[in-house]
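**Q** Requesting a structural model of the entry that follows:
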Amino acid sequence: MTICELLAKVDYRLRPLIINNFPKFGVHMYSLTRKFFLNALAAESFDGKKEIPTSKSKVLWGIKFNTPLFNAAGMYKYGEGYNTVYHQGAGAFLCGTATANKREGNIKNGVKHPFISYPVSESASNWMGLPNYGFESLARKLQNIDKKDGCPIGVSISPDPSEEPSVAVQGVIDGLRIFQDTQADFIEINESCPNVPHQCDIDDSGLDKLLVKRLERISNKFISNRTRNLPLIIKFSNDTSLELVPKLMKLLID
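**A** Model prediction:
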C-alpha cells in the first residue's frame, strides 16, 4: 500500500467526524495538507498503466487524446503530476493556471489557500487565488516531462488580476510565446476563476468590452502568427449567462 492510499483510507474514516464536529479545524487541516498530499501523489511510482479501450481515444486539432477525460487545472497547481495522470489513464495532463508573475494566492483568517472537502456529497470548496511560480518556472518544468503518446500536455494561463488590463493581456501574449517553445500541446486561457477579482466593462449586449479587446489583441499578436500547431481554448464559468453564449461563440470563432 502506498502512502497516498494509506492517507486516503484514514481520511475516509476521519473526514465525517472532523467536518461535522470541528469545521474550522477541518478547514485549517485540509488547507495545510492538500499540497502535501498532491505532491506525494505526483511523486508516486506505478507498476503499470490503467488500460483504456482504444475506441475511447479522440483526435482533436490534430492531437491524439487516449480518452476525453483529464484533470482540471486546479489540481496540480505547479506543473507536477504528469506521470500520475498518465498511469491513471487520463487523456491529457493540464497544468494549474499560471500567470506572468509569481502569485502567493489567497489567505483568509490566517488560512493559506482555503480548502475544505465534504464527506456526504464528496465535493469540495476552495479559495486559492491562482497560486503559481510564473510562466518561466512552469515552462522549465514542462521541458523535463517524459511525455507519452496519447497524453498531451495542456497549460492553463490567466491574465494577472493584480495588473492593469493592458499590462495583463501583454503578459498573456508573452506567456503564449514562451509556451510555444515548450512541450505544451494546447493552451487554456482561464477567463472564469472565481477566486480573484476581475475588471469588467459590460456593454449594452452584455459582453465585457475588456474581454473583447483582450481576445482581439491575442488573436492579432499571437494566433495570427503562431509558428506551430498550438490550439487555444477559452474557458468560461459554468454560471455564464446562457443568453451570452451565442455572442461569445461568434466572438471566439471570429
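**Q** Give me the buried positions along stretch 210-229.
**A** Buried positions in stretch 210-229, judged by neighbour count with 16 or more other CB atoms under 10 Å: 210-212, 214-215, 217-218, 221-222. Placement of C-beta: from N, CA and C, glycine included.
**Q** quick check, nearest of the residues you listed to Ala139?
**A** Distance to Ala139, by CB to CB, is smallest for Phe222 among the buried residues of stretch 210-229, at 15.4 Å.
**Q** Distance-wise, check that closest one relative to Val155.
**A** Relative to Val155, Phe222 is positioned 14 Å away (CB to CB, to the nearest Å).
**Q** next one: Leu69
**A** 18 Å.
**Q** So those two - more neighbours on which side?
**A** Val155 (29 against 14; other CB atoms under 10 Å).
**Q** so the more buried one sits in a helix?
**A** No - according to DSSP: H, G, I helix; E, B strand; the rest coil, Val155 belongs to no helix; its state is strand.
**Q** if I read this right, it contacts Gln180, doesn't it?
**A** No - using CB atoms under 8 Å, Val155 is not in contact with Gln180; the gap is 10.4 Å.
**Q** any residues in contact with both of those two?
**A** The overlap between the contact sets of Val155 and Gln180 (CB atoms under 8 Å, 6 or more residues apart in numbering) is empty.
**Q** Tell me, how many residues neighbour Pro165?
**A** 17.
**Q** Skipping its backbone neighbours, what lies nearest it in space?
**A** Spatial nearest neighbour of Pro165, excluding adjacent residues (CB to CB, 6 or more residues apart in numbering): Leu210 at 5.3 Å.
**Q** Right, I'll leave it there.
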